[in-house]
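Asks: Can you look at this prediction? I've put the sequence above it.
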Amino acid sequence: MLRTVKPKNARSKRALEARAPKEVEDPRTAIFVKGTHTGELLNNVMKELMALKRPHAVSFSKKNAIHPFDENSASLASVEFWGTKNDASMFLFGHSTKKRPNGLTFIRLYDGKVLDMVEVGVEKWVSMADFKGPKSTPGNKPLMHFASDLFDTHPRFMQLKSMLMAFFNAEVIDSICLPGIEHVISVSLAPTPASLNNASLTSLQQDSKPDELPTVHIRTYMVKMLASGTRIPRVELTPMGPFLDVSLRRHQPPDPEMLKQAMKRPKLKKQDVEKGLGKKRKNVEVDEMGDLRGRIHVGTQDLSKLQTRKMKGLKPGSDEIGDDEDGPERKRRKA
Amino acid sequence: MDVSNILASHAAKFQTTNVEKDIAIEVDPGYLTTADFNSIDEESYKWNLEEHLQSLARDGTQALINALFSLPTASSPEGPIAQLPPPTTELPRAKPLPKPKPPTKWELFAAAKGIQKKKKEKKEWDEERQEWVDRWGKDGKNKQVEEQWLTEVPHNANIDHDPRKTAREERKARVAKNEKQRLQNLARAAETTPQESRKRDIERTLVQARTSTASMGRFDKQLEGEKKPRGIKRKFNPTETSADDERKASLALLTRMESDDKKMRKESPREGNIVNVRKAVRHASKGEGAIALARKGEDGKKRKGRR
């Protein structure tokens, strides 16, 4: 693998620091790799997906004889090598064979190692150029939309959702300019077949046959925001392209141990700040409106010292026979 | 006055942003993502696929836009900027969490004693010059004694006392001490587990042992599975050197051969001295050593005196 180097000058030090693990991660860079044979359709698909992914995309122009699902080959080693070399953690690998025409493989890395893979076959394809009208600006963050119950229940589609979100949208941002929203990537499924629908038990079987799995429709639309008379605009969509119909093929689920490592979250700093700079502050909380609310514990009240209404008749000295304890003292002082 | 018409038209406008679904659409504003877990309607799917997909996407997007526009915003020249909450969907990270920096010895001590870190400003107020000056660096305040034109000398000072020199030496010593501590902290941070350091030691010993035979390991029997030692380079001195260098090298070698400090075997006792003193003492004291013997002798004398 790559050597771990000690930076010798400030520039290389900065470059290494940019690659170092961060608490809040940068968007995933994707590498687009072609297999030994791709064909015109796949070339176009990869080109336009890259247009959506830019600027966090690297294109490999040469053909590479790799077979990610072949365990005996050293393909995954070279994938990991490219990932480390380019500081990229996603791969889109296009490969077309007679047995599996127009195959696209999404590969996700964690810490320079392959975490999981999903292979899909492109069945239908409409290019961006076939739609008239405006296109989104390169580098603009897309909205994403997933529609089907299978995204909630079926492990294959849950993995696909996670993979597509990691591919297009996995950057944690703290704010977004609302008028700058331009396009939405919608991922929808064909109606759930009865074999997956009737029992939840069968749907959990990972190795249900690929032909049983419904087709995935990936669509990209421009978002038009129209006035609605309220603060919230009315949304209309116009097709922007690319349109893709894909079917799920082979996949490799993540290694549970590795996934556990990858799912580790940093301790939430912001909440710590709200709750008192990491120190444990009792009885203070921030409510939903962002106001600081505290609870105060008051000890039992000493009622003997309670100031009641002053009345002339109760004043010490006005009466010779004082009821209260300090009455006699004051009398003596007066005398 | 009949306002129902106006109200109805207003309500029509109002409804347009609402999204009605059997299962409410799940929105994750942090990742700008919605998930609509309603099952797909087969009729509309088969009737007109593209229309069906677009209407599904529109509903989802509308739900997302509704959520985004109801977030707290900050204004900007380009338009309102929505402050997004942290994402709720859990996606695997691309790289592991950053490791915390190992604490220095001082930081450990300060934590144990509860000493708070105080921020030191880089500038310091100079009363004489009436301005802010750097604490260190060029024209730094820490060089004031070295650079001022007049310095007080204590009464009992030596005749060769140089206040500038002492101040400079003290400053240099502080810098050196700090550097030493920094390196020690680095070494402490790089320290590994006992097993790892033991393994490293063994490997080092093995490499040394291999080259410690008469042929420097050249004609040794190779064991099965034995690897070539890595990272060892043969170094050749130049064949031609100046006569001066050669003389120096030879003299250095000769002095090294003369000196006793690297000798493994100490010289045997001289022939004239037949008695092995150490052995004799051991024998006389019955193995207790010379000191015990001497003490015994003293005690005997004292006892004699008392009697």
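Replies: Looks like it came in fine.
Asks: How many residues are close by residue 108?
Replies: Went with chain A since none was named. A total of 26 residues lie near A:Arg108 under the criterion other CB atoms under 10 Å in any protein chain shown. All C-beta spots, glycine's among them, are computed from the backbone N, C-alpha and C.
Asks: Chain B is the one I meant
Replies: That count, for B:Leu108 with other CB under 10 Å as the rule, works out to 12.
Asks: Helix or strand: which one has A:Val33?
Replies: Assigned by DSSP states H and E, A:Val33 falls within strand A:30-34.
Asks: what about dumping the CA coordinates of that strand to PDB?
Replies: Extracted in PDB, the C-alpha atoms of strand A:30-34 (Å, rounded to 0.1, in the frame of the first residue of the first chain):
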ATOM      1  CA  ALA A  30     -16.400   9.200  -6.800                       C
ATOM      2  CA  ILE A  31     -14.200   7.500  -9.300                       C
ATOM      3  CA  PHE A  32     -15.700   6.500 -12.600                       C
ATOM      4  CA  VAL A  33     -14.000   3.400 -14.000                       C
ATOM      5  CA  LYS A  34     -14.700   1.500 -17.200                       C
END
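Asks: Run the angle between the next helix or strand after it and strand A:30-34 for me.
Replies: The helix or strand immediately downstream of strand A:30-34 is helix A:39-53, counting by DSSP H and E. When axes from the mean of the first three to the mean of the last three CA atoms, to 10 degrees is applied, the directions of helix A:39-53 and strand A:30-34 differ by 170 degrees.
Asks: tell me the average confidence for helix A:39-53?
Replies: Mean pLDDT, computed over helix A:39-53, is 92.
Asks: Stretch B:31-38 too?
Replies: Here the average pLDDT along stretch B:31-38 is 90.
Asks: Going by neighbour count, list what's buried in it.
Replies: For stretch B:31-38, burial by neighbour count (16 or more other CB atoms under 10 Å in any protein chain shown) applies to B:Tyr31, B:Leu32, B:Thr33, B:Thr34, B:Ala35, B:Asp36, B:Phe37.
Asks: Same check on stretch B:112-125?
Replies: Of the residues in stretch B:112-125, none count as buried by neighbour count, 16+ other CB under 10 Å.
Asks: so where is the chain shaky, pLDDT-wise?
Replies: Because you didn't say which chain, this covers chain A. The model of chain A has pLDDT under 70 over residues A:1-4, A:197-211, A:268-281, A:318-335.
Asks: try chain B instead
Replies: Along chain B, the parts satisfying pLDDT under 70 run over B:1, B:10-16, B:261-272, B:299-307.
Asks: Can you list the residue ranges for strands in it?
Replies: Remark: strands assigned in chain B by DSSP state E are B:26-28, B:33-36, B:73-74, B:81-83, B:123-126, B:131-134.
Asks: any chance of those in a markdown table, plus distance to chain A?
Replies: Output for the strands of chain B, formatted as a markdown table (distance: least, CB to the nearest CB, whole Å):
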| stretch | distance to chain A |
| --- | --- |
| strand B:26-28 | 9 |
| strand B:33-36 | 4 |
| strand B:73-74 | 7 |
| strand B:81-83 | 5 |
| strand B:123-126 | 25 |
| strand B:131-134 | 22 |
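Asks: can you pull the contacts of A:Pro179?
Replies: Applying CB atoms under 8 Å, 6 or more residues apart in numbering or on different chains to A:Pro179 gives the contacts A:Met225, B:Glu78, B:Gly79, B:Pro80.
Asks: Just the buried subset of the residues you listed, written out for ChimeraX, thanks.
Replies: The ChimeraX selection below is limited to those of those classed as buried (16+ other CB under 10 Å):
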select /A:225 /B:80
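Asks: can you map out the helices along chain B?
Replies: Assigned helices in chain B, in chain order: B:4-15, B:42-47, B:49-69, B:105-113, B:144-147, B:163-190, B:194-210, B:243-258, B:277-284, B:290-306 (criterion: DSSP state H).
Asks: just checking, what packs against the shortest one?
Replies: In this case it means helix B:144-147. Applying 3 or more CB pairs under 8 Å, 6 or more residues apart in numbering or on different chains; DSSP states H and E, one finds that helix B:144-147 contacts helix B:163-190.
Asks: quick one on the thing from earlier: reformat the contacts of A:Pro179 as CSV; add distance to B:Lys123.
Replies: Below are the contacts of A:Pro179 laid out as CSV (distance: CB to CB, whole Å):
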residue, distance to B:Lys123
A:Met225, 52
B:Glu78, 39
B:Gly79, 42
B:Pro80, 41
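Asks: Farthest pair within the contacts of A:Pro179?
Replies: Comparing all pairs in the contacts of A:Pro179 by CB to CB, the longest separation belongs to A:Met225 and B:Glu78, at 14.2 Å.
Asks: need the residues of the stretch 1-150 of chain A near chain B, please.
Replies: Neighbours of chain B within the stretch 1-150 of chain A, by CB under 8 Å from any CB of the partner chain: A:20-23, A:25, A:28, A:89, A:108-111, A:115, A:141-149.
Asks: With the stretch 201-335 of chain A instead?
Replies: Contact residues, the stretch 201-335 of chain A versus chain B (CB under 8 Å from any CB): A:217, A:219, A:221, A:223, A:225, A:228-237, A:239, A:254, A:259, A:261-266, A:268, A:270.
Asks: show me the contacts for B:Gly30.
Replies: By CB under 8 Å, 6+ apart, the residues touching B:Gly30 are A:Val172, B:Leu84, B:Pro85, B:Pro86, B:Pro87, B:Thr88, B:Thr89.
Asks: what's the answer for A:Pro191, then?
Replies: Each residue near A:Pro191 by CB under 8 Å, 6+ apart is listed here: A:Pro214, B:Ser39, B:Ile40, B:Asp41, B:Glu42, B:Tyr45.
Asks: Recalculate using a threshold of 7 Å.
Replies: A:Pro191 sits next to A:Pro214, B:Ile40, B:Glu42, B:Tyr45 when contact means CB atoms under 7 Å, 6 or more residues apart in numbering or on different chains.
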